[in-house]
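Participant: no FASTA, just this:
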Ligand SMILES: Cc1cc2nc3c(=O)[nH]c(=O)nc-3n(C[C@H](O)[C@H](O)[C@H](O)COP(=O)(O)O)c2cc1C
């Protein structure tokens, strides 16, 4: 199974988490890549790869800067994501109350609308919590792999 971890970030937290998830997956799997969403062509998403998407929230419940070109390209030419499976890990801060963790949901809605299947629990990290983002993501990962029926 090929894994690609895609991150959308503005101040680097999602990138760090993506790198840590990539390192953890690489211990058991050979084909693991980590990419910034801004370097990702939506048309390249493929059913032969399992995607983990790590995306923060900025503005007022908006996408972070590095995810915006991806969303624009996605909307310009919506890809057929039939057969694509992915897991979602959203970053946010409950300080922002009603817009908490909505950034990643902009990507999630696009994937669902084009036929992709989200697998496992929707992961979240709250910057107001005491937990480190990477610790939360590494706790979330095994459940996702189990839901996807991928050996850890
Ligand atoms: C200017 C600014 C606006 C933010 N707006 C929101 C928001 O609307 N909702 C939310 O849940 N978190 C919001 N956050 C919190 C970030 O999503 C959180 O700090 C996250 O860990 C940042 O990750 P990143 O470094 O990958 O961008 C905001 C942070 C900043 C600095």
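Facilitator: Received the coordinates, thanks. Computed from a predicted model, the values in this text were never measured in an experiment. Numbering: from 1, shown residues only.
Participant: could you use CA atoms for every contact and neighbour count after this?
Facilitator: Will do.
Participant: spatially central residue for this protein, please.
Facilitator: Centroid-nearest residue in the chain, with Cα atoms, centre = their mean: residue 53, separated by 1.2 Å.
Participant: is that residue in a bridge, and if so with what?
Facilitator: With DSSP bridges as the criterion, residue 53 is bridged to residue 6, residue 88.
Participant: that one and residue 91 touch, don't they?
Facilitator: No. Contact criterion Cα atoms under 8 Å: residue 53 and residue 91 do not qualify, at 10.7 Å.
Participant: check the secondary structure at the residue nearest to residue 138 when sequence neighbours are not counted for me.
Facilitator: What sits nearest to residue 138 in space, not counting adjacent residues and going by Cα to Cα, 6 or more residues apart in numbering, is residue 21, at 6.5 Å. Look at residue 21: counting by DSSP: H, G, I helix; E, B strand; the rest coil, its state is helix.
Participant: how many neighbours does residue 21 have?
Facilitator: Here the number of neighbours of residue 21 (other Cα atoms under 10 Å) works out to 21.
Participant: can you give me every residue that contacts it?
Facilitator: Neighbouring residues of residue 21 by Cα atoms under 8 Å, 6 or more residues apart in numbering: 5, 134, 137-138, 141.
Participant: contacting residues around residue 103?
Facilitator: Contact partners of residue 103, counting by Cα under 8 Å, 6+ apart, are 55-58, 61-64, 90-92.
Participant: how far away is residue 148 from the ligand?
Facilitator: 25 Å (Cα to the nearest ligand atom, to the nearest Å).
Participant: so who does that residue touch?
Facilitator: Residues in contact with residue 148 (Cα under 8 Å, 6+ apart) are 119-120.
Participant: how much space between it and residue 50?
Facilitator: From residue 148 across to residue 50, the span is 9 Å (Cα to Cα, to the nearest Å).
Participant: quick check, residue 68 in contact with residue 40.
Facilitator: No. Assessed by Cα under 8 Å, residue 68 is found out of contact with residue 40, at 11.0 Å.
Participant: of the contacts of residue 103, which is the most crowded?
Facilitator: Neighbour counts for those, by other Cα under 10 Å, peak at residue 55, which reaches 36 neighbours.
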